[in-house]
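Asks: structure for the following, please:
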Amino acid sequence: MNINSPLSRYVSIILVNTMFWHPVVVFADGIRVAPNSSNTTLDKAGNGVPIVNIATPNGKGLSHNTFKDYNVAKQGVILNNATSKLQSTQLGGLVVGNPNLRGKAAQLIINEVNGGSPSRLEGYTEVAGQAANVVVANPYGITCSGCGFINSPRVTLSTGKPVIENGELEHFAVDQGKVTIEGLGLDATQVDQFDIITRAAKLNAELHANRLNVVTGASDVDADTLATMPRQGKGDVPDLAIDASALGGMYAGSIKLVGTEAGVGVRLAGDMAASGGDIEIDAAGHLSLNNASSVGRVIVEANSATLNADVHAVEGVGIRTDEHLDVESNLTSAGNIMLDAGQRLHNTGQIIAGIQDGQRQPSADLSLQADQLDNDGRLDATGRLAVEARETRNTAQLLAQEIAIDARERVVNTAVIRGQRVSIATETLANQGEAATLAATNALELDARYLDNLGGTIQFGQQQNVELAFDRIDNTSGSFFLDDGDLTASIGSLINRDGQLTARNISFQAGEVDNKGGVMVAQQAIEAAVVEGFDNSAQGVVTAADVMIQANHLNNQQGDVVGDRVTLVLGNLDNERGLVAAQEAMNLGMSDRLNNHEGPCRSHKVS
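Replies: Residues are numbered from 1 along each chain as shown. Modelled structure (predicted):
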């Protein structure tokens with residue numbers, strides 16, 4: 001017999017239909033077609049895999065199928081979108097084309113479940129024939145354990161009702177339901193875009209996808225853009241919008257997670273990795289984030305957030321919270337990092353801008369904004385580190401080429417702030433404790449009303465000339481260094497008890513000076529114009545090549561004023577057991593009283 005003859009082809013078709021076609025059914029292996037579902041029918045492939053002959057698509061290419069029950073067993077299911085007489089499939093081999101299509105394949109297949117029972121997907125769903133987008137919608141919940149998808153560019157699992165307008169899927173109306181990933185997880189690696197649209201999502205197993213979107217909360221969700229509009233939900237508000245356990249890892253090219261319901265948090269205890277794009281998280285409640293890595297950016301917006309484990313992004317990090325932000329581990333990027341907390345930003349980990357694979361990258365910036373910044377870890381940038389806050393407290397490290405701190409009320413440093421250029425603008429600057437170091441190799445700029453350097457060290461840049469204006473400088477037991485630079489200051493009150501003030505030249509005007517046990521040293525000259533008293537007692541030292549002190553009263557009991565040339569213009573001098581000495585010349589001018597008991601004034605020349 002000629003196998004190419006019309007008779008042979010007719011016999012072949014009859015045999016195929018005998019092998020693959022069964023009587024039309026509405027129930028098969030956990031799938032039950034709803035009575036009102038146009039012309040959707042069920043069948044089986046030769047190997048027993050269920051086939052859904054999808055309903056005739058409308059003029060926009062949408063095939064809308066409704067089911068009383070919709071479940072996918074481990075063997076999988078075939079959504080028949082084949083317009084040819086025979087179609088090869090991965091799950092069922094050769095299958096007969098879908099007679100409902102009438103030669104026109106669907107572009108979008110919606111499988112809507114309205115029977116009141118949740119759906120369980122344990123196998124792969126394959127679109128036979130022309131590829132089509134697939135939607136599985138069940139308001140009573142969807143569970144995936146080992147589910148996957150074949151020959152579909154975009155797949156959506158939703159507990160929202162598909163809203164169709166003018167023949168097209170317009171949005172999902174979400175007011176209840178949960179999508180759960182468990183057991184063997186989800187494989188969407190053969191899908192360009194995979195969306196979960198639900199009121200709540202629980203992830204207890206791994207998700208693998210290319211472009212992954214999870215949108216949660218009672219809302220209307222645009223089918224194309226996934227933009228949301230809030231709506232009234234049904235039943236109790238879920239405890240968490242997205243709850244991912246340690247087993248619920250997400251691995252995709254890009255990841256976007258959205259929790260729209262106010263006050264409902266997002267817990268991500270599993271790993272997240274974006275191998276081809278960004279990780280974006282938008283949570284209307286509290287976000288708890290564990291390990292996350294992205295070859296693109298990590299972008300977060302949340303009511304509040306805690307970073308419990310390492311977060312790294314190659315291209316940059318941006319995190320904004322309405323309330324507090326807590327960083328408890330490593331937050332790093334080869335690019336810029338921007339953190340903005342509406343209330344408190346607390347770091348106990350390491351935040352480093354400009355690092356990749358352990359190697360420092362050039363000129364990456366770290367920008368921090370908060371009402372209150374508390375740093376108990378490491379803040380580091382290879383470029384600029386900028387802080388804008390009401391109050392800044394540092395107990396660990398702030399390191400960068402350039403550091404700029406703008407704190408409206410207070411900066412408290414008990415550890416290390418160091419850079420090539422450092423600028424601080426605040427009301428009160430407190431550099432407290434033996435470990436407190438505020439240093440710049442090139443330039444340190446301080447703009448404040450009150451400077452308290454209590455036991456700390458302030459190191460200005462090499463050969464930097466500094467002009468300061470403070471209501472008070474308290475350098476008690478502190479060290480204030482200028483290397484080969486000049487200090488010019490206007491100060492209401494200067495306290496240098498047991499402190500050290502060193503510069504090439506020191507020139508200041510002050511209301512009063514307390515240098516008890518303190519040391520003021522200049523390589524060239526010290527010029528002090530004091531309105532009231534200058535207390536240099538208790539082994540205080542003022543020494544330079546040229547010393548000039550003008551004050552109403554100089555208390556030099558057991559103190560030293562020493563230089564090559566010394567000029568004192570005073571109302572009175574109390575030099576009991578003190579020393580005023582000039583190697584070359586001394587000029588003394590007093591309008592009131594001199595007490596020089598056991599306190600010599602020595603010079604080769606006195607006038």
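Asks: could you find the closest non-adjacent residue to A544?
Replies: Counting by Cβ to Cβ, 6 or more residues apart in numbering, A522 is the residue found nearest to A544 once chain neighbours are left out, at 3.8 Å. Bear in mind the C-beta positions are built from the backbone N, C-alpha and C, glycine included.
Asks: part of a strand, is the one you found?
Replies: Yes - looking at A522 with DSSP: H, G, I helix; E, B strand; the rest coil, it is inside a strand.
Asks: mind listing what it touches?
Replies: 502-506, 543-545 (Cβ atoms under 8 Å, 6 or more residues apart in numbering).
Asks: which parts of the stretch 451-600 of the chain are strands?
Replies: 457-459, 466-474, 479-481, 486-495, 500-514, 519-530, 533-535, 541-555, 560-574, 579-595 (DSSP state E, counting those that start in this stretch).
Asks: out of those strands, nearest to N53?
Replies: strand 457-459 (80.1 Å; Cβ to Cβ).
Asks: isn't Q356 up against G316?
Replies: No - look at Q356 against G316 with Cβ atoms under 8 Å: they stay out of range, at 11.7 Å.
Asks: looking at these two, which is more packed in?
Replies: G316 (20 against 14; other Cβ atoms under 10 Å).
Asks: buried deepest among the strands of the stretch 451-600 of the chain, which one?
Replies: Counting by mean count of other Cβ atoms under 10 Å, strand 533-535 has the highest mean neighbour count of the strands of the stretch 451-600 of the chain, with a mean of 24.
Asks: redo the contacts of A522 as JSON lines? Include pLDDT and distance to I417.
Replies: As requested, the contacts of A522 are arranged in JSON lines below (pLDDT from 0 to 100; distance: Cβ to Cβ, whole Å):
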{"residue": "T502", "pLDDT": "98", "distance to I417": "20"}
{"residue": "A503", "pLDDT": "98", "distance to I417": "20"}
{"residue": "R504", "pLDDT": "98", "distance to I417": "24"}
{"residue": "N505", "pLDDT": "98", "distance to I417": "26"}
{"residue": "I506", "pLDDT": "98", "distance to I417": "23"}
{"residue": "T543", "pLDDT": "98", "distance to I417": "30"}
{"residue": "A544", "pLDDT": "98", "distance to I417": "29"}
{"residue": "A545", "pLDDT": "98", "distance to I417": "33"}
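Asks: how about the residues you listed in a markdown table, adding distance to Q343?
Replies: Below are these laid out as a markdown table (distance: Cβ to Cβ, whole Å):
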| residue | distance to Q343 |
| --- | --- |
| T502 | 41 |
| A503 | 41 |
| R504 | 44 |
| N505 | 45 |
| I506 | 42 |
| T543 | 49 |
| A544 | 49 |
| A545 | 53 |
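Asks: from these, pick the one nearest L573.
Replies: T543 (17.2 Å).
Asks: beta-bridge partners for that closest one, please?
Replies: Counting by DSSP bridges, T543 is bridged to V521, V562.
Asks: touching, it and V521? I think so.
Replies: Yes - under the criterion of Cβ under 8 Å, T543 makes contact with V521 at 5.6 Å.
Asks: any low-confidence regions in the stretch 401-550 of the chain?
Replies: Along the stretch 401-550 of the chain, the model assigns pLDDT under 70 to no residue.
Asks: how long is stretch 311-321 from one end to the other?
Replies: 16 Å (Cα to Cα, to the nearest Å).
Asks: just stretch 175-186 next, same as before
Replies: 24 Å.
Asks: which residues sit against it?
Replies: Contact with stretch 175-186 is made by 122, 138-148, 157-160, 194, 196, 198-209, 218, 231-235, 238, 248, as judged by Cβ under 8 Å, 6+ apart.
Asks: check stretch 192-200 too.
Replies: 142, 149, 153-160, 172, 174-179, 186, 188, 207, 209-218, 221, 226, 233, 238, 240-243, 252, 261.
Asks: return the subset of the residues you listed lying in helices.
Replies: Using DSSP state H, no member of those falls in helices.
Asks: leaving out the residues flanking it, which one is nearest to A105?
Replies: Q130 (3.8 Å).
Asks: what sits against that neighbour?
Replies: Taking Cβ under 8 Å, 6+ apart, we find Q130 in contact with 81-83, 105-106.
Asks: kindly report the same for V134.
Replies: Going by Cβ under 8 Å, 6+ apart, the list of residues near V134 reads 79, 108-109, 111, 125, 127, 149, 152, 154-156.
Asks: closest to N98 out of the residues you listed?
Replies: Closest approach to N98 among the contacts of V134 (Cβ to Cβ): L79, at 9.1 Å.
Asks: doesn't V49 make contact with that closest one?
Replies: No - counting by Cβ under 8 Å, L79 does not reach V49; the two are 11.3 Å apart.
Asks: helix, strand, or coil at N100?
Replies: helix.
Asks: just the pLDDT for it.
Replies: Note for N100: predicted pLDDT of 98.
Asks: that one contacts T56, doesn't it?
Replies: Yes - using Cβ under 8 Å, N100 is in contact with T56, at 4.8 Å.
Asks: what do the two both touch?
Replies: N39.
Asks: what are the ranges of the helices in this protein?
Replies: Going by DSSP H, the chain shows helices at 6-20.
Asks: mind showing which ranges of it have poor pLDDT?
Replies: 1-29, 591-593, 595-607.
Asks: sorry, back to before: just flag the most distant two among the contacts of Q130.
Replies: A82 and A106 (10.6 Å).
Asks: compare those two (neighbour count), which wins?
Replies: Remark: of A82 and A106, A106 carries more neighbours, 30 against 23, as counted by other Cβ under 10 Å.
Asks: separation between the more buried one and D535?
Replies: Noted for A106: a distance of 92 Å to D535, by Cβ to Cβ, to the nearest Å.
Asks: G30 now?
Replies: 91 Å.
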